[in-house]
Every structure is written in C-alpha cells, then in structure tokens.
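Colleague: fold the following.
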Amino acid sequence: MTNMTKDPMEDLIRETSRKVEPRREFADSLWADMQSTWKENKPVHRQIHFSRPAWGLTFAALALAITCAAYGPQNVLAAVKNLIGYIPGIGFVEQDESTLYLARPVSVTQDGVTLTIEQAVADAKGIVVSYHMDGLPEPKPGETYTCVYSDNRLRLPDGKYRLPTGGGLTGAQARIEFAPLPAGVKQVTLVSHGEEGCPAPIDWTVDIPLGKIAPQPALPVLDVSPVSSEPSKSTATQQTINTGKTTLSVEARVEKTVKLDNGWLVTGRITWNDPEIKDIFVSPETITITDAAGKTIPVESTDASYSNGEFGFILRQKEIQSPVTMTFSGLQASAYLENGPEFGFFAGNDPQPGKEWKINKELELFGLPVEIVKISAVTFDDGVNGYAVIMKKPEIINNIGLRYVSAENGGGWFSEGRLLPENHYELRMGFPEGRPDGSVTFAISDMQWLLTWNHKISWMMPE
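Modeller: Numbers count the residues shown, from 1 in each chain. Presented below is the predicted three-dimensional model:
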C-alpha cells in the first residue's frame with residue numbers, strides 16, 4: 001500500500017502540523033528505546049526530530065517511507081497476474097489470500113462524539129486504517145482549542161503496540177499506515193489519543209476485526225504506453241542546485257493508471273543520479289496536464305501518496321484523448337546527510353537562557369550557501385532547555401534540519417523550525433535530559449528545497 005502524497009514544501013510544512021505524531025512523553029520514551037539502535041541503524045536517527053504543531057516543522061517525523069510494490073505487466077490481466085489492485089481511500093493493495101479486510105465500518109461513541117473506522121486493509125506491505133470523527137465540539141466565541149487526535153497506535157493481540165509508519169490527518173479525517181501484521185493476526189485495536197485542551201473525550205480504543213470479505217472490490221491497475229520519457233539534464237538555470245560533483249540528471253515517467261468513477265488515477269516515478277537526494281516530490285501546482293487537443297485536464301492530489309520518487313494524481317475527466325502530456329515547472333527535493341557540514345561553539349559551563357554566540361560561518365549544501373548566523377540558549381514552554389540556531393538561506397530552501405553530533409554522550413533531542421523574514425530560518429533544538437554545554441557541535445542533517453525543472457512527458461491512456 002502506498003504512502004501519503006507530498007504537497008509543495010511550503011504547504012508540506014503546514015500540512016506536517018497535522019501529521020500523525022505521538023505525544024511528547026511518548027516521543028521521549030520512543031527516543032529512549034531507539035537511541036540504542038542508532039549506531040547499528042543510522043537512518044533511524046534522522047526520523048527522531050519530533051516537532052510541535054505551533055511552529056513550522058523540521059520534517060514529518062513519522063512519515064517513514066514504505067516502498068510501494070512493483071506493478072505487473074499490461075492491463076487488467078496484470079492486476080490479476082500480480083495480485084495488485086487499488087481501493088479508493090486505502091491505496092494499492094495485494095489481492096492474494098493473505099490480504100485481510102474490515103468487512104464493514106465499526107464505530108465507538110463517547111459523550112456524543114463518534115469515531116468510525118471506515119476501512120482497514122492489511123496485506124504484505126502493511127496495514128492502513130482510515131477513520132473519521134463526528135460530533136467534535138466547535139470552539140465558541142472567545143474559546144481557543146483544537147481537537148486533534150494525532151497520537152495513533154495499533155495494539156496487537158499480545159498487547160504490543162505498533163507506531164505509525166506514515167499517514168496524515170485532515171480535520172476530523174485520518175488515514176494511518178502501520179507495518180505489516182504478524183502472521184495469523186486477524187484482530188487489532190486502534191488506540192487514539194487527543195489533545196488535552198479538547199473538551200471531547202481524549203482516549204479512544206476501537207477493535208478492528210479483519211477477515212477475507214472485502215467491502216468493495218479492488219479496481220484493476222492498468223499500464224500506460226509512454227510516448228516519450230527522455231532524461232532531462234540540469235539546465236543553466238539549475239546550476240545553483242548542483243552538488244559540484246556531478247550534473248543533476250532527472251527523469252520522469254508515468255507508469256500506471258486506475259479508472260475511477262469520476263476520472264483516472266495516474267501514477268509514475270521520478271529518478272535522479274545524486275544518492276544524497278533521498279526523495280523528489282511532485283505536486284499539482286507544478287504540473288500542467290493536457291490531452292491530444294491541447295485542452296487542460298483538471299488535476300487533484302490523491303488521498304494517498306508516494307515516496308522514493310513516486311507520484312500520483314487524479315485526472316478529473318473520464319474521457320481523455322491520447323496522447324496525454326504532462327509539463328513540469330518544478331520539483332521539490334529532500335536530502336538527508338549522514339556526514340553533513342558541521343559547525344560548533346564553546347558554550348561554557350551551564351549556559352543560561354539569553355546567552356548568545358555569534359557564529360557567522362557559511363556552509364555549502366548542494367551548491368547553495370547557508371550561513372550560520374548565531375546561536376542562543378533557550379528554554380521551551382514546558383521547561384526543556386536547548387539552543388536556537390539562526391541561519392540565513394536562499395529563498396528556494398524551505399527547510400533545514402540539524403543533528404547534535406555528540407549524541408552518544410547524551411540523551412536525545414527534538415527540533416522545531418520556522419521561517420523568519422528576509423530569508424532567515426530559526427531551528428530550536430530541545431534536550432529533555434539537559435542542555436549540553438562545553439564544546440557543542442551540530443551538523444546539517446536534512447534539507448528540503450525547490451528544483452527548477454522544465455520538462456515534458458507524454459503517454460497513451462489505456463483503451
């Protein structure tokens with residue numbers, strides 16, 4: 001089953017404030033459990049920068065990539081042959097004997113509020129749970145609170161919990177992804193926790209029975225025939241995004257379609273040649289799709305999405321004249337750096353809030369200059385101590401993440417970032433086990449930025 005669709009990065013930063021995230025105490029506990037695996041499994045570390053909705057977020061901490069299964073050959077036969085189908089609201093699924101479904105919606109009501117699990121499908125790639133809530137109280141004039149049930153876990157029959165691997169929340173609607181279930185498990189329990197300030201019930205548990213009966217048949221997945229899919233190398237306007245080691249080469253292709261009641265789902269893939277770029281995102285705002293007559297076809301994001309360069313859109317038009325052409329005006333890139341450029345300072349002994357250190361050091365990331373302006377000691381609202389790092393960046397960089405280089409000598413940390421005027425960016429790093437002092441070293445750990453990419457691809461829709 002597929003992941004959530006990536007929006008343009010500025011929208012993604014706002015969207016991430018609604019992502020599936022655990023409560024702070026749960027996040028701190030998770031970090032303690034995972035810290036011991038960092039030396040053996042370094043990529044996990046970059047996912048432990050838990051962020052807070054009050055600010056723009058460093059990145060979606062729990063939006064871990066689930067690689068989508070490779071789809072089969074041509075047309076409907078491929079869907080049967082390779083056992084791949086598509087269920088609206090869930091995504092791509094394996095249609096074999098091991099796939100389990102929630103046969104019909106299940107609901108639980110507390111104090112006039114109802115949580116309804118609409119769909120749940122478990123296959124070899126994972127389990128996706130889709131639910132919504134009715135009856136949540138609206139703030140009255142003068143009141144300020146938000147009823148967000150952002151801590152979602154899956155309890156197995158043996159009492160163990162599974163954390164989300166992806167998904168998102170939009171208002172009272174949620175779509176949460178989890179890792180594959182152990183063999184033989186046919187019932188799980190969704191455990192959801194809301195914000196303390198919400199006047200609705202905070203804790204929810206809903207049992208989810210799984211069986212062989214699908215509430216709706218999966219739609220067949222069809223191949224498309226490419227008309228052109230030539231690689232597009234960086235142009236002169238893109239030289240600023242190059243690493244200096246190689247010219248960035250990017251290729252896009254459309255691969256699959258699913259015929260929906262009101263149009264078509266179209267999926268494809270972006271590939272590139274720089275291994276430090278971990279993902280490239282495509283959004284409706286950066287593409288135009290036209291039919292053979294040059295008429296623009298309306299495009300929308302899907303309710304499920306993709307990673308590892310995959311993309312998907314819904315074409316809101318049932319009858320489409322081939323060939324179809326997609327024109328790109330830009331892409332969003334995301335990089336995670338295991339050995340990113342470092343900077344440091346001497347904090348002294350037990351620095352107090354308000355203490356400030358001028359850094360004025362320029363670093364280079366993918367050919368882009370990032371200046372570390374200053375660092376100051378800060379205390380978060382909940383009393384956690386940390387540091388605030390002020391950076392100056394090019395406008396095309398949307399987000400920058402840091403890691404504490406000396407993590408093996410201390411506890412974990414979380415971070416939260418926000419854009420400041422005049423292309424400045426502030427990243428606050430909190431240390432629940434105490435603010436580090438003495439010689440402190442940070443490194444750039446991740447970055448998201450805009451690639452200017454003008455390219456066209458064409459394909460034939462299936463008959």
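Colleague: ranges for the strands of the stretch 301-450 of the chain?
Modeller: In order along the chain, the stretch 301-450 of the chain carries the following strands (DSSP state E, counting those that start in this stretch): 310-315, 324-328, 331-336, 342-346, 356-365, 368-379, 385-392, 397-404, 414-420, 424-431, 439-451.
Colleague: tell me the gap between the helix or strand hosting Val266 and the middle of its chain.
Modeller: Under the criterion DSSP states H and E, the helix or strand holding Val266 is strand 263-272. Centre-to-centre, strand 263-272 and its host chain are 17 Å apart (C-alpha atoms, centre = their mean, to the nearest Å).
Colleague: give me the buried positions along that strand.
Modeller: Gly263, Trp264, Leu265, Val266, Thr267, Gly268, Arg269, Ile270, Trp272 (16 or more other C-beta atoms under 10 Å). Any C-beta I mention is one placed from the backbone N, CA and C, and that applies to glycine too.
Colleague: what number of residues lie near Leu451?
Modeller: Around Leu451 there are 21 other residues, counting by other C-beta atoms under 10 Å.
Colleague: report pLDDT for the closest residue to it other than its chain neighbours.
Modeller: Nearest in space to Leu451, with sequence neighbours left out and distances taken as C-beta to C-beta, 6 or more residues apart in numbering, is Leu331 at 4.3 Å. Model confidence at Leu331, expressed as pLDDT, equals 90.
Colleague: how about Arg24?
Modeller: The confidence metric pLDDT takes the value 43 at Arg24.
Colleague: what does Ser376 give?
Modeller: In this prediction, Ser376 carries a pLDDT score of 97.
Colleague: how about Ala200?
Modeller: Confidence per residue is given as pLDDT, and for Ala200 that number is 92.
Colleague: residues touching it, list them.
Modeller: The contact partners of Ala200, taken as C-beta atoms under 8 Å, 6 or more residues apart in numbering, are Gln110, Asp111, Val113, Gly135, Leu136, Pro137, Cys147, Gly194.
Colleague: coming back round to it: by contact count, what packs against the helix or strand following the strand holding Val266?
Modeller: Next in sequence after strand 263-272, counting helices and strands by DSSP H and E, comes strand 277-281. In terms of contact count using 3 or more C-beta pairs under 8 Å, 6 or more residues apart in numbering; DSSP states H and E, strand 277-281 is assigned the packing partners strand 331-336.
Colleague: against which helices or strands is the strand it packs on packed?
Modeller: Helices and strands in packing contact with strand 331-336 are listed as strand 277-281, strand 439-451; criterion 3+ C-beta pairs under 8 Å, 6+ apart.
Colleague: output the strand holding Val266 as CSV, restricted to C-alpha atoms.
Modeller: This file holds the C-alpha atoms of strand 263-272, laid out as CSV (Å, rounded to 0.1, in the frame of the first residue of the first chain):
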residue,chain,number,x,y,z
GLY,A,263,-11.8,10.2,-13.7
TRP,A,264,-8.4,8.5,-13.6
LEU,A,265,-5.7,7.9,-11.0
VAL,A,266,-2.3,8.3,-12.7
THR,A,267,0.9,7.2,-11.0
GLY,A,268,4.6,7.5,-12.0
ARG,A,269,8.1,7.8,-10.9
ILE,A,270,10.9,10.4,-10.7
THR,A,271,14.5,9.1,-10.8
TRP,A,272,17.8,11.0,-10.3
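Colleague: run the angle between that strand and strand 324-328 for me.
Modeller: 50 degrees (axes from the mean of the first three to the mean of the last three C-alpha atoms, to 10 degrees).
Colleague: quick one: strands adjacent to strand 263-272?
Modeller: Strand 263-272 has the following sheet partners, assigned by DSSP bridges: strand 249-260 (antiparallel), strand 310-315 (antiparallel).
Colleague: list of residues touching the first one?
Modeller: Right, the one you point to is strand 249-260. Contacts made with strand 249-260 from outside it, assessed by C-beta under 8 Å, 6+ apart, are listed as 71, 86, 88, 219-224, 226, 229-234, 264-273, 280, 282, 314, 326, 328, 331, 451, 453, 455, 457, 459, 461-462.
Colleague: any of the residues you listed buried? List them.
Modeller: Judged by neighbour count, with 16+ other C-beta under 10 Å as the criterion, the buried members of those are 71, 86, 88, 219-224, 226, 232, 234, 264-270, 272, 280, 282, 314, 326, 328, 331, 451, 453, 455, 457, 459, 461-462.
Colleague: quick one: low-confidence ranges for the stretch 101-250 of the chain?
Modeller: 228-246 (pLDDT under 70).
Colleague: rewinding a little: possible to save the strands of the stretch 301-450 of the chain as CSV with distance to Ile202?
Modeller: Output for the strands of the stretch 301-450 of the chain, formatted as CSV (distance: least, C-beta to C-beta, whole Å):
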stretch, distance to Ile202
strand 310-315, 35
strand 324-328, 44
strand 331-336, 34
strand 342-346, 42
strand 356-365, 40
strand 368-379, 27
strand 385-392, 28
strand 397-404, 31
strand 414-420, 22
strand 424-431, 24
strand 439-451, 32
